[in-house]
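Q: would you be able to build a 3D model of this:
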Amino acid sequence: MASSPHYIPQSDPPLPPWETLPTMYDLPSDNPEEPGLPDDFHFLQPLLLYLTFQPINWNPELVYSAADLNLYYDLQHPLWYKRPDWFGVVGVGKLYKGQDLRLSYVTWQEPANPFVVVELLSPGTEDEDLGTRRESAADKPPSKWEVYERILRIPYYVVFSRYTNEIRAFQLVGGHYEPMNLTDGYLLMPEIDLSLGLWQGSFRDIERLWLRWFTLTGELIPAPTEEATAATERAIIAEQEATEARQEATEAKQEVAQAKRKAEQLAERLRQLGVNPDELDELL
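A: The predicted model follows:
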């Protein structure tokens, strides 16, 4: 059983919330009775997003992303949280206060809110993921849509269905989410020099249509294993090219030697016929 959060008494003047409200060490990090489908896809798809979320214009040490992690968002209700399938943040270190792996993401303890959230559509979460259920009772937690749009004001919210391979994306405009259009098949996020799109390929030996990160021009951002594989392939190709070059050089030397032997044989034949090959050269 999780222990009750430890509260620090207020003072006069009041202390800031990051000093008085519970930290990630005080708040639950488990996920009891959360709706959704915990399947292989819900593990692999966020992993691919995690591995390829590499904002080009940000220091990698200040880029953080997580999957299936409690996201605490409300100062007035510090026990309320959402648990995005994946979210990315810029301007935040990989470790909590530079020291510890995060148990949860507690927004009042962090320097920035998430920049982008991705939810993987499940039959049990569709209404909440797509904002169909927006209004909540005063004593009940708001929906994901309300939290992402109204409370945390997350700039980009993306919903992906593995069943239809459909991407639905929303951008925060004037405090409200507006649908985004694909540009040449990509969702452009110029603030981080990245785009999000679909890719047909094999990830962890599973061939399907995956959601992953690209550059703004549509170039694939490789996962570390893909980068290592590509480096190995480049090394193999370079070795093959070097081998071919050595073989061509050897063949060229053999051709030169063969031509020289033929010239010597011809000169010897001419001498046998009483012709001096050196004088023949002068006559020609």
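
Q: report how many residues lie close to Tyr177.
A: Burial of Tyr177 is recorded as 19 neighbouring residues (other Cβ atoms under 10 Å). The way it works is simple: take the backbone N, C-alpha and C, and place the C-beta from them, glycine included.

Q: so what pairs up with it in the strands?
A: Leu172 (DSSP bridges).

Q: how about the contacts made by it?
A: Tyr177 sits next to Gly131, Trp145, Tyr148, Glu149, Tyr157, Phe170, Gln171 when contact means Cβ atoms under 8 Å, 6 or more residues apart in numbering.

Q: Val173 is in contact with the fourth one, correct?
A: In other words, Glu149. No - judged on Cβ atoms under 8 Å, Glu149 makes no contact with Val173 at a distance of 10.5 Å.

Q: rewinding a little: output the contacts of Tyr177 in JSON lines; the columns should cover neighbour count and secondary structure.
A: Output for the contacts of Tyr177, formatted as JSON lines (neighbours: other Cβ atoms under 10 Å; DSSP: H, G, I helix; E, B strand; the rest coil):
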{"residue": "Gly131", "neighbour count": "17", "secondary structure": "coil"}
{"residue": "Trp145", "neighbour count": "21", "secondary structure": "helix"}
{"residue": "Tyr148", "neighbour count": "29", "secondary structure": "helix"}
{"residue": "Glu149", "neighbour count": "20", "secondary structure": "helix"}
{"residue": "Tyr157", "neighbour count": "26", "secondary structure": "strand"}
{"residue": "Phe170", "neighbour count": "22", "secondary structure": "strand"}
{"residue": "Gln171", "neighbour count": "19", "secondary structure": "strand"}
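
Q: which residues of this protein fall in strands?
A: 63-66, 71-72, 81-82, 86-90, 105-106, 116-120, 156-161, 166-173, 176-179, 186-189, 194-203, 206-215 (DSSP state E).

Q: okay if I get those as CSV plus distance to Glu251 and mean pLDDT?
A: Shown next, in CSV, are the strands of the chain (distance: least, Cβ to Cβ, whole Å; pLDDT from 0 to 100):
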stretch, distance to Glu251, mean pLDDT
strand 63-66, 51, 97
strand 71-72, 65, 97
strand 81-82, 67, 96
strand 86-90, 54, 98
strand 105-106, 63, 98
strand 116-120, 56, 97
strand 156-161, 55, 96
strand 166-173, 54, 96
strand 176-179, 63, 96
strand 186-189, 48, 97
strand 194-203, 39, 96
strand 206-215, 42, 96
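
Q: so which of the ones you listed is nearest Ile221?
A: Distance to Ile221, taken as Cβ to Cβ, is lowest for strand 206-215 among those, at 4.9 Å.

Q: and that closest one with strand 116-120, angle?
A: Our comparison of strand 206-215 with strand 116-120, counting by axes from the mean of the first three to the mean of the last three Cα atoms, to 10 degrees, yields an angle of 160 degrees.

Q: list the buried residues in strand 206-215.
A: Buried residues in strand 206-215, counted by 16 or more other Cβ atoms under 10 Å: Trp210, Leu211, Arg212, Trp213, Phe214.

Q: what angle sits between it and strand 194-203?
A: Going by the same axes, to 10 degrees, strand 206-215 makes 160 degrees with strand 194-203.

Q: which strands and helices sit next to strand 206-215?
A: helix 40-52, strand 194-203 (3 or more Cβ pairs under 8 Å, 6 or more residues apart in numbering; DSSP states H and E).

Q: including mean neighbour count and distance to Pro60, could those go into a markdown table?
A: Output for the helices and strands packed on strand 206-215, formatted as a markdown table (neighbours: other Cβ atoms under 10 Å; distance: least, Cβ to Cβ, whole Å):
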| stretch | mean neighbour count | distance to Pro60 |
| --- | --- | --- |
| helix 40-52 | 18 | 13 |
| strand 194-203 | 17 | 13 |
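
Q: quick one, which of the ones you listed gets closest to Pro84.
A: The closest of the helices and strands packed on strand 206-215 to Pro84 is helix 40-52. By Cβ to Cβ, the value is 9.0 Å.

Q: and the closest one with strand 156-161, angle?
A: Per the same axes, to 10 degrees, the angle that helix 40-52 makes with strand 156-161 is 140 degrees.

Q: hmm, who's touching stretch 39-53?
A: Against stretch 39-53 from outside (Cβ under 8 Å, 6+ apart): 36, 63, 65-68, 85-86, 88, 118, 120, 160, 162, 194, 203-204, 206, 210-213, 221-224.
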